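Trainee: Would you be able to build a 3D model of this:
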Amino acid sequence: MTRKAPRHAEAERNDQALLEAAKKVLAVDGAHASVAAIAAHAGVGIASLYRRYRSKDELFQHLCSLSLDQWIQAAENGLEHDDPWEGLAHYIGACVEFSGGSLGPLAGTIAVTDEMAAKFTRSDELMRELVDRAHQAGVLRPDAGTMDISLLIEQLGKSPLIDQLDRQGRTDLIDAARNARRRTIAIALDGLRSGHPRLPGAQPASALLTGRWEHTPEDPAKSSGQR
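Mentor: Reported below is the predicted structural model:
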C-alpha cells in the first residue's frame with residue numbers, strides 16, 4: 001500500500017477536523033458561522049487555511065464535497081449488506097452518526113460546484129437503490145420514499161442535548177445522552193417498517209431540499225469583507 005506524503009496526510013486530517021468543526025459551529029451559528037470560529041474549533045491555523053483556500057466560499061464548497069463523500073460511503077456500505085432492511089438501517093444510522101444534513105445552513109449561500117453536483121447525483125442514485133431494494137423486499141413501508149428518509153436523517157442528525165452537554169463539559173452525562181439518542185433512532189427506524197398506517201399527505205418532492213441550494217451571487221462590493 002502506498003504511504004501518503006506527510007503534508008498530504010496532514011491536509012486530510014485537517015480537512016476532517018474542519019468538517020467536524022463546521023458541523024458543530026453551523027449548528028449554533030447557522031449560515032453566519034465564521035471561518036475563524038471553525039478553524040479555532042478544529043485547532044487549525046487561520047493563516048494556513050487562507051493559504052489553501054482562496055475564500056470562505058471555497059472552503060465551504062470543499063467541506064460540502066467531503067460531506068457528500070460520507071453519504072456515498074454510507075450508501076455503498078449499506079448496499080454490501082445482503083439483507084435489504086439491514087442495509088437501509090446501516091445507511092440511515094451511519095448518516096445520522098456523522099450528522100448528515102448538518103451543512104444545510106450553507107444552502108443558498110454558496111454556489112454548487114460541478115464536483116458537488118456530481119457527488120450529489122451519485123449519492124442520490126445509491127440511496128434510491130437502497131430504498132428500491134427495501135421496497136421490493138417488502139420491508140420498507142410503501143408510502144415512505146427517499147425524501148422522507150433524507151429529511152429524517154437531517155432531523156435525527158441534530159442532537160441538541162449532546163451538544164449542550166458537550167458545551168457544558170458534562171462528560172458524566174454524555175454516555176447516557178448518546179444511549180438515549182440511539183433509542184430515539186431505533187424508534188424512528190421502526191416507524192419506517194412496513195405494516196404501519198399510512199403517513200399523512202403526499203411524499204415530499206425532491207425540490208424541497210434541492211431548491212434551497214439555489215444560489216444568487218452577492219454583489220462583490222458587499223462580500224469583499226466576508227473573511
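Trainee: Give me the neighbour count for residue 214.
Mentor: 11 (other CB atoms under 10 Å). The C-beta positions use only the backbone N, C-alpha and C, and glycine is treated the same way.
Trainee: do you know how far it is from residue 150?
Mentor: Look at residue 214 and residue 150: by CB to CB, to the nearest Å, they are 17 Å apart.
Trainee: give the contact list for residue 29.
Mentor: residue 37 (CB atoms under 8 Å, 6 or more residues apart in numbering).
Trainee: Just the C-alpha atoms of whatever helix or strand it lives in, please, in PDB.
Mentor: Of the helices and strands defined by DSSP states H and E, residue 29 is found in helix 6-29. The C-alpha coordinates for helix 6-29 follow below in PDB (Å, rounded to 0.1, in the frame of the first residue of the first chain):
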ATOM      1  CA  PRO A   6       3.300  13.700   5.400                       C
ATOM      2  CA  ARG A   7       1.900  17.000   4.100                       C
ATOM      3  CA  HIS A   8      -0.900  15.300   2.300                       C
ATOM      4  CA  ALA A   9      -1.800  13.200   5.300                       C
ATOM      5  CA  GLU A  10      -1.800  16.300   7.500                       C
ATOM      6  CA  ALA A  11      -4.100  18.100   5.000                       C
ATOM      7  CA  GLU A  12      -6.500  15.200   5.200                       C
ATOM      8  CA  ARG A  13      -6.500  15.300   9.000                       C
ATOM      9  CA  ASN A  14      -7.100  19.000   8.900                       C
ATOM     10  CA  ASP A  15     -10.000  18.500   6.400                       C
ATOM     11  CA  GLN A  16     -11.700  16.000   8.700                       C
ATOM     12  CA  ALA A  17     -11.200  18.200  11.700                       C
ATOM     13  CA  LEU A  18     -12.600  21.200   9.800                       C
ATOM     14  CA  LEU A  19     -15.600  19.200   8.600                       C
ATOM     15  CA  GLU A  20     -16.500  18.100  12.100                       C
ATOM     16  CA  ALA A  21     -15.900  21.600  13.500                       C
ATOM     17  CA  ALA A  22     -18.000  23.200  10.700                       C
ATOM     18  CA  LYS A  23     -20.900  20.900  11.600                       C
ATOM     19  CA  LYS A  24     -20.800  22.000  15.300                       C
ATOM     20  CA  VAL A  25     -20.300  25.700  14.600                       C
ATOM     21  CA  LEU A  26     -23.000  25.700  11.900                       C
ATOM     22  CA  ALA A  27     -25.400  24.000  14.400                       C
ATOM     23  CA  VAL A  28     -25.000  27.100  16.700                       C
ATOM     24  CA  ASP A  29     -24.300  30.000  14.300                       C
END
